[in-house]
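Novice: need a 3D model of the following:
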Amino acid sequence: MKKRILLLTTGGTIASGDSGSGLSPVLSSEDFLQYVKEFEDVCELVPYEVCSIDSTNMDVEHWLLLARLIRENYESYDAFLICHGTDTMAYTAAALSYLIQDSPKPIVLTGAQKSILLEITDARKNLHDSIRCALDARSRDVMLVFDGNIIAGTRAKKTATFSYNAFSSINFPVLGKIQDDVVVYYIQGQEKEERKVRFYDRMDRKVFLLKLTPGMSPELIPYILKTYDCIIVEGFGVGGLPDGLTELFLSEMKKYRDHEKVLIMATQVTYEGSSMGTYVVGRQAKDHLPFLETYDMTLEAVFAKIMWILGLHIEDRKEMEKLFYTKVNYDIFRNES
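Specialist: Predicted structure coming up:
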């Protein structure tokens, strides 16, 4: 019996053509079927156009819509394939990893650096590799397939703007590869019969990313705290706050109850992660302020995970911390909690 795959298209470079004023999506979901005819004997691909946008315009509402469409069609399909623009695909992969947890069925995201309409492109290979991955009996959970690599949805990051090897698996090995049309897995999760999928339908978008720069002015911090439920501080090196900012955060955080405002320390460095206890500037911030620490997590995963946690409306600070440090789809391995 042929497997059924729901093909969800969202636009992006893979579906783009030149409008005369730059690239923009022009292909419909049905248009993709002409590029996957070689799979007609082994699976039924059912196209569905979620949206047709440049992924710069991808929003939380699109993530929730994708999760809802997968939930509504979960029993009717064996796998789900999402064609997506590359610029925000790592964010979407992370978001879906928290909105759809422990899925025994694969949810695969892919895209391309060149349009599928071009003669020389990575689009057809990425699309075909993704279908092979979706059809593989060992595939499960949210993953991103690109340039032959299978990457956990919480570990992907776009690390090249033009090259075909645009995505890297950060602080964690790739789950596998597609080599000569064969899916080779290096890492596998729980057996499918041990898993029961869980869906979520809320995220709190009031999360602010504060990127530290030398000599930055602190005047906006009280306003940011008043407006947002969480501030992710993207600090230098292994993570720390300049002395003046630590004092200001201490003063401002006294105005709120423990669960009302969340502070998270991340690092601007892509690889190896944070370690706030290494230097005084990090240790004093962590000792005196209620900072959660990202450790080896990607910024995309941190952003999506805290939006999901805040959407659960948890008022117990310890429960919130426990959830933040709980591993979901390989998102975190190193912590000191």
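
Novice: okay, CA-based contacts and neighbour counts for the rest of this
Specialist: Noted.

Novice: all helices for this protein, in order.
Specialist: Residue ranges of the helices in the chain, as given by DSSP state H, are 60-72, 89-99, 123-135, 221-227, 243-253, 280-288, 299-311, 317-324.

Novice: any chance of those helices in TSV, plus mean pLDDT and distance to Pro173?
Specialist: Output for the helices of the chain, formatted as TSV (pLDDT from 0 to 100; distance: least, Cα to Cα, whole Å):
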stretch	mean pLDDT	distance to Pro173
helix 60-72	98	25
helix 89-99	98	16
helix 123-135	98	17
helix 221-227	95	36
helix 243-253	92	35
helix 280-288	94	28
helix 299-311	98	16
helix 317-324	95	22
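
Novice: and the residue nearest the centre of the chain?
Specialist: The chain has Ala94 as the residue nearest its centroid, 2.1 Å off, counting by Cα atoms, centre = their mean.

Novice: can you pull the contacts of the nearest residue to that residue once chain neighbours are set aside?
Specialist: Spatially, and ignoring its direct neighbours in sequence, Ala94 is nearest to Thr154 (4.6 Å; Cα to Cα, 6 or more residues apart in numbering). Going by Cα atoms under 8 Å, 6 or more residues apart in numbering, Thr154 touches Ala90, Ala93, Ala94, Ser97, Met297, Thr298, Glu300, Ala301, Asn329, Tyr330, Asp331.

Novice: quick one: the second one from Gly111, how far?
Specialist: Think Ala93. Distance of Ala93 to Gly111, given as Cα to Cα, to the nearest Å: 12 Å.

Novice: wait, Ser115 touches Ala123, no?
Specialist: Yes - using Cα atoms under 8 Å, Ser115 is in contact with Ala123, at 6.3 Å.

Novice: any residues in contact with both of these two?
Specialist: Contact criterion Cα under 8 Å, 6+ apart; residues shared by Ser115 and Ala123: Ile14.

Novice: quick check: longest strand of the chain.
Specialist: Counting by DSSP state E, the longest strand found in the chain is strand 43-53.

Novice: average pLDDT for that strand?
Specialist: For strand 43-53, mean pLDDT rounds to 98.

Novice: what lines up beside it in the sheet?
Specialist: strand 3-11 (parallel) (DSSP bridges).

Novice: tell me what angle the strand it pairs with forms with helix 60-72.
Specialist: Orientation check (axes from the mean of the first three to the mean of the last three Cα atoms, to 10 degrees): strand 3-11 against helix 60-72 gives 170 degrees.

Novice: format the CA atom coordinates belonging to strand 3-11 as PDB.
Specialist: Once non-C-alpha atoms are left out, strand 3-11 reads as follows in PDB (Å, rounded to 0.1, in the frame of the first residue of the first chain):
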ATOM      1  CA  LYS A   3       2.200   5.900   1.800                       C
ATOM      2  CA  ARG A   4       0.400   9.200   1.800                       C
ATOM      3  CA  ILE A   5       2.400  12.400   2.300                       C
ATOM      4  CA  LEU A   6       0.700  15.800   2.800                       C
ATOM      5  CA  LEU A   7       2.800  18.400   0.900                       C
ATOM      6  CA  LEU A   8       2.400  21.800   2.600                       C
ATOM      7  CA  THR A   9       3.800  24.700   0.600                       C
ATOM      8  CA  THR A  10       4.500  28.100   1.900                       C
ATOM      9  CA  GLY A  11       6.300  29.900  -0.900                       C
END
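
Novice: how about that strand: buried residues?
Specialist: Neighbour counts over strand 3-11 (16 or more other Cα atoms under 10 Å) mark Arg4, Ile5, Leu6, Leu7, Leu8, Thr9, Thr10, Gly11 as buried.

Novice: isn't the fifth one right next to Ala79, touching?
Specialist: In other words, Leu8. No - counting by Cα under 8 Å, Ala79 is not a contact partner of Leu8; they are 10.9 Å apart.

Novice: still on that earlier bit, any idea which of the buried residues of strand 3-11 is closest to Leu175?
Specialist: Using Cα to Cα, Ile5 comes nearest to Leu175 of the buried residues of strand 3-11, at 21.0 Å.

Novice: can you tell me how far the closest one is from Ala134?
Specialist: Taking Cα to Cα as the measure, Ile5 falls 8 Å from Ala134.

Novice: next: Leu96.
Specialist: Leu96 is 16 Å from Ala134, by Cα to Cα.

Novice: now do Asp331
Specialist: In terms of Cα to Cα, Asp331 sits 21 Å off from Ala134.

Novice: returning to that earlier point: can you list the buried residues of strand 3-11 in CSV and add pLDDT?
Specialist: Below are the buried residues of strand 3-11 laid out as CSV (pLDDT from 0 to 100):
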residue, pLDDT
Arg4, 98
Ile5, 98
Leu6, 98
Leu7, 98
Leu8, 98
Thr9, 98
Thr10, 98
Gly11, 97
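
Novice: that older thread, the longest strand of the chain: which residues count as buried?
Specialist: For strand 43-53, a neighbour-count test (16+ other Cα under 10 Å) marks Cys43, Leu45, Val46, Pro47, Tyr48, Glu49, Val50, Cys51, Ser52, Ile53 as buried.

Novice: just give me the closest of the residues you listed to Ser275.
Specialist: Of all the buried residues of strand 43-53, Ile53 has the smallest distance to Ser275: 38.2 Å, by Cα to Cα.
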